[in-house]
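Participant: turn this into a model:
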Amino acid sequence: MASNATTVHCPAPMKATSNGVFQGDNPLDFALPLAILQICLVIVLTRLLAFLLRPLRQPRVIAEIIGGILLGPSALGRNQKYLHKIFPSKSITVLDTLANLGLLLFLFLVGLELDPKSLRRTGKKALSIALAGISIPFALGIGTSFLLRGTISTGVNEGPFLVFMGVALSITAFPVLARILAELKLLTTDIGQMAMSAAAVNDVAAWILLALAIALSGTGRSPLTSLWVFLCGFGFVFCCVFVMPPVFKWMAQRCPEGEPVDEIYVCATLAAVLAAGFMTDMIGIHALFGAFVMGVLVPKEGPFAGALVEKVEDLVSSLFLPLYFVSSGLKTNVATIRGAQSWGLLVLVILTACFGKIAGTVGVSLWCKVPFKEALTLGILMNTKGLVELIVLNIGKDKGVLNDQTFAIMILMALFTTFITTPLVVAIYKPAKKLANAKYKHRTIQQTNMSTQLRTLVCFHSSRNIPTLINLMEASRGTGKKGLCVYAMHLMELSERSSAILMVHKARKNGLPFWNKGQNSDANQIIVAFEAFQNLSHVSIRPMTAISPMSSMHEDICTSADTKKVAMIILPFHKHQRLDGQLETTRAEFRNVNRRVLEHAPCSVGILVDRGLGGTTHISASNVDSVITVLFFGGPDDHEALAYGALMAGHPGISLVVVQFLVDPKVVGEIVRLDMNDFDIAEARAADEEVVAQFKEKISNDGSIKYEERVVGDAKEVVKVIREYNHCNLFLVGRMPNGELAAAFKGKSECPELGPVGSILTSSDFSTTASVLVVQQYRSQLSKNSLASLKEDESTTD
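Facilitator: Okay, here's the model as predicted:
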């Protein structure tokens, strides 16, 4: 009878927005306010977990996976009231749609980071490691799947289950691995480069296998359905490879370097990404594949790819992507893993995953004659899982291939294997630190034999620093028979942004000559500028990249200086010149980097205050016409400045003026009382006299060098004399000069790390167009005053 029939009540669909609490509406019953609450909740929780895990040097994906699990039925979701209020079943469709839209755009970014040209250049060693790292875990995954089907996964479709398990165990997360390598400062090492090359190959192979798994998992009754899905997917990729690259290349050519990318090109590309996602979803693979393929096909040279990342990344990674971890966490119920059998299977899956990846990678690495410790480190690194692993597992769960218990086991396996990567690598692989025991002779300009090649490490933050640095290098050529070798280090901050992995491509040829790189180099203006300078001069330029957090960037600089055995590090000042001539802070963090380098450097250091040395372009050697002024007060730093000035004076277009300041005999001992514990006055004066005497002897027949002695009575007279030379092109000064006159400036420094004279030359009261190079000579132990100036309060006037 109709009256006895069971009535099923379907929940009403959620409306988008509420009328507000004052009109009796509960915002949590409406889609938009509920989605906003869900996003805010996951962002706060994952950022908090990331902060707590930072001391363990864990990648952010660990915090995001844990956050998703905690918000799901495994932890907070055990409270049904919370689960039905914050994540009601009627909101899951909206949540999953937003999560997958964010994931689709994120996979487009992952494709942008993968350079097909670099894959083609992958060496046999990295290719062999990648193939072993895929095939052995894949085989073990298939073996494990038979055991799982006989216990907790009974009744699942055998073919897709085998492939999904194989893919899940064989994946290496390329973006997560790059992040871990960068955090451990291994990104630019041989082992880091090999791991990244192998992981890139692994990534592509994993996507192909996943496409096969999805095709096999189709629910169509005809056995030919899976074949049609796979063939149509292959046809789609084939068409994209031939059609899209010319279109993207045409767009990229209309986006010149240094100019903003036209919005219409960004909009057209994102529309193409969404259309590709629609096509692959219609075929029956997954919308993610279309987005990934589009990302891979976008040309990596020029500003176009960078502009796409900049437009898309922050919104996706900050707002949409966290929802995917919640979506995954809501499907993960650790409580389903109960009993000795289930926990035993979890241990078995973890051991199988680790053994397959590590043993396979180590075996092939040893066959390729990689040392055992490095081979073991490589195996642990290749065992890194991440977001791609979650994608595979979630697709398997949605397709009905993985049940709740198997899904939970696999999620915990991915979490564990990624979590242990950093601690194990830190424990096993400790690259020999040469800084403590390296003994190279030429740590200073003063000690360097001019008949040997002079090596310098020149650092820069952006293209703004390039013209002055190139003109400084031109002036530094001197007359040495072996010339000048410059290691040009691009200082790049490792931020929380996932696209920091794009920096991998810039670090591939770290420290090698320009002519040693592949033909398809990055067509950016920095590389072009250095290449042009090298071709026009007798200077050897070797590009390097430091990819570090600001807090530890000084370690990269000092280690590179030690490894390359350079005589001097040149650092850009943390301020740049405005149009009105005043200096403005670029980034305060650069100041802290400079201070730490000054304290820990294994050689001499120079801080360059850029006021446009030689203008905004490179001056050819024949057109150089510069006046360089050395202000000499006394002490080791002034000795180094004088030696550097003498080196520059060897250039035919350089005129050198050396001004030695002497204390008026009438006021000796009256200007300021010196701390006798810092240095012996008599010995210091003798050293100054010896250095000046040697300098005079060298320049006796050189008309391009002038030496002047100026007798002054106090600090005011010193400043007055310095102003007489403010029309020169470059001031060369010691950072911490010795003597009464230098001590008289104590307490007047705006930037203590520049020392008293450097601070005067960079103060707003001193009007000049001359750039300033503040030099510190290497000493095994800095003086108390020198160290104190680096420790002073950083809240000085900017």
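Participant: so who does residue 192 touch?
Facilitator: Applying C-beta atoms under 8 Å, 6 or more residues apart in numbering, one finds that residue 192 lies in contact with 181, 186. All C-beta spots, glycine's among them, are computed from the backbone N, C-alpha and C.
Participant: may I have the secondary structure class of it?
Facilitator: Applying DSSP: H, G, I helix; E, B strand; the rest coil to residue 192 yields a three-state assignment of helix.
Participant: ok, it to residue 551 distance?
Facilitator: Here the criterion is C-beta to C-beta, to the nearest Å. By it, residue 192 lies 20 Å from residue 551.
Participant: which other helices and strands contact the host helix or strand of residue 722?
Facilitator: Assigned by DSSP states H and E, residue 722 falls within helix 715-723. Under the contact criterion of 3 or more C-beta pairs under 8 Å, 6 or more residues apart in numbering; DSSP states H and E, the helices and strands touching helix 715-723 comprise strand 654-663, strand 705-712, helix 755-762.
Participant: go with 7 Å
Facilitator: In terms of contacts (3 or more C-beta pairs under 7 Å, 6 or more residues apart in numbering; DSSP states H and E), helix 715-723 is packed against strand 705-712.
Participant: show me how far the strand it packs on is from its chain's centre.
Facilitator: 47 Å (C-alpha atoms, centre = their mean, to the nearest Å).
Participant: for residue 170, give me its contacts.
Facilitator: When the contact criterion is C-beta atoms under 7 Å, 6 or more residues apart in numbering, the partners of residue 170 are 134, 137, 138, 141, 206.
Participant: which one of those is nearest to residue 40?
Facilitator: residue 206 (33.0 Å; C-beta to C-beta).
Participant: with adjacent residues omitted, what lies nearest to that closest one?
Facilitator: Leaving aside its sequence neighbours, residue 206 sits nearest to residue 171 (C-beta to C-beta, 6 or more residues apart in numbering; 4.8 Å).
Participant: then residue 610?
Facilitator: Taking C-beta to C-beta, 6+ apart as the measure, residue 610 lies nearest to residue 468, with 4.5 Å between them; neighbours along the chain are not counted.
Participant: how about the residue nearest to residue 206, what does it touch?
Facilitator: Here residue 171 is in contact with 206, 385, 388, 389, 392 (criterion: C-beta under 7 Å, 6+ apart).
Participant: would TSV of these with secondary structure, neighbour count and pLDDT be doable?
Facilitator: Listed next are the contacts of residue 171 as TSV, based on DSSP: H, G, I helix; E, B strand; the rest coil; neighbours: other C-beta atoms under 10 Å; pLDDT from 0 to 100:
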residue	secondary structure	neighbour count	pLDDT
206	helix	24	81
385	coil	30	87
388	helix	25	82
389	helix	28	85
392	helix	26	88
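Participant: which of those residues sit farthest apart?
Facilitator: Spatial extent of these (C-beta to C-beta) is set by the pair 206 and 385 at 10.9 Å.
Participant: neighbour-wise, give me the winner out of the contacts of residue 170.
Facilitator: Comparing the contacts of residue 170 on neighbour count, residue 137 comes out first with 31 neighbours (neighbours: other C-beta atoms under 10 Å).
Participant: quick check, nearest of the contacts of residue 171 to residue 183?
Facilitator: Relative to residue 183, and with distances defined as C-beta to C-beta, the nearest of the contacts of residue 171 is residue 385, at 16.5 Å.
Participant: where are the low-confidence patches of the stretch 551-700 of the chain?
Facilitator: 614-624, 667-681, 700 (pLDDT under 70).
Participant: buried residues in stretch 774-789, which are they?
Facilitator: By neighbour count, and taking 16 or more other C-beta atoms under 10 Å as the criterion, the buried residues in stretch 774-789 are 774, 775, 776, 777, 778, 782, 783, 785, 786, 789.
Participant: same question, stretch 281-292
Facilitator: Residues 281, 283, 284, 285, 286, 287, 288, 289, 290, 291, 292 are the ones in stretch 281-292 that count as buried (16+ other C-beta under 10 Å).
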